[in-house]
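> dropping a prediction and its sequence here:
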Amino acid sequence: MDPQLLERLVTMQMPYGKYKGRLLADLPGHYLGWFAREGFPKGELGKLLALMYELDHNNLKGLLDPLRGQPPGRPGESS
């Protein structure tokens, strides 16, 4: 898995819909489940939503906690 995808989940905001402006990592499980049932959008957004759904569905959202608030760059890198 590409670590940059995980970083995008905690930095990219939902661009439209009821949860517009909310970080992808903070989207509620029922919303991610709706996309899983109805179909994820094409492109990067769909890929990220599918990944977030898997993390949420498997109770792995905590894996994103160390990435929150990190400056741009490699996760966990200290200066």
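Structure received. As the structure is a computational prediction, the values presented were derived from the model and not from experiment. Numbers count the residues shown, from 1 in each chain.

> not counting sequence-adjacent ones, nearest residue to the residue nearest to the spatial centre of the chain?
Nearest to the geometric centre of the chain sits residue 9, at 3.0 Å (CA atoms, centre = their mean). Of all residues not flanking residue 9 in the chain, residue 25 sits nearest, at 4.4 Å (CB to CB, 6 or more residues apart in numbering). All C-beta spots, glycine's among them, are computed from the backbone N, C-alpha and C.

> all helices for this protein, in order.
For the chain, helices defined by DSSP state H occupy the ranges 3-9, 29-38, 43-57.

> my guess is the residue nearest to the centre of the chain meets residue 47, correct?
No. Here residue 9 lies out of contact with residue 47, judged by CB atoms under 8 Å, at a distance of 10.6 Å.

> remind me which residues of this protein are low pLDDT?
Along the chain, the model assigns pLDDT under 70 to residues 70-79.

> if we go to 80?
1, 69-79 (pLDDT under 80).

> got the phi/psi numbers for the residue lying closest to residue 54 once chain neighbours are set aside?
Distances taken as CB to CB, 6+ apart place residue 60 nearest to residue 54, at 7.7 Å, with adjacent residues excluded. The phi/psi pair for residue 60 (degrees, to the nearest 10) reads phi -120, psi 20.

> can you count the residues close to residue 60?
By the criterion of other CB atoms under 10 Å, residue 60 has 10 neighbours.

> rewinding a little: tell me the contacts of the residue nearest to residue 9?
9-10, 52, 61, 64, 68 (CB atoms under 8 Å, 6 or more residues apart in numbering).
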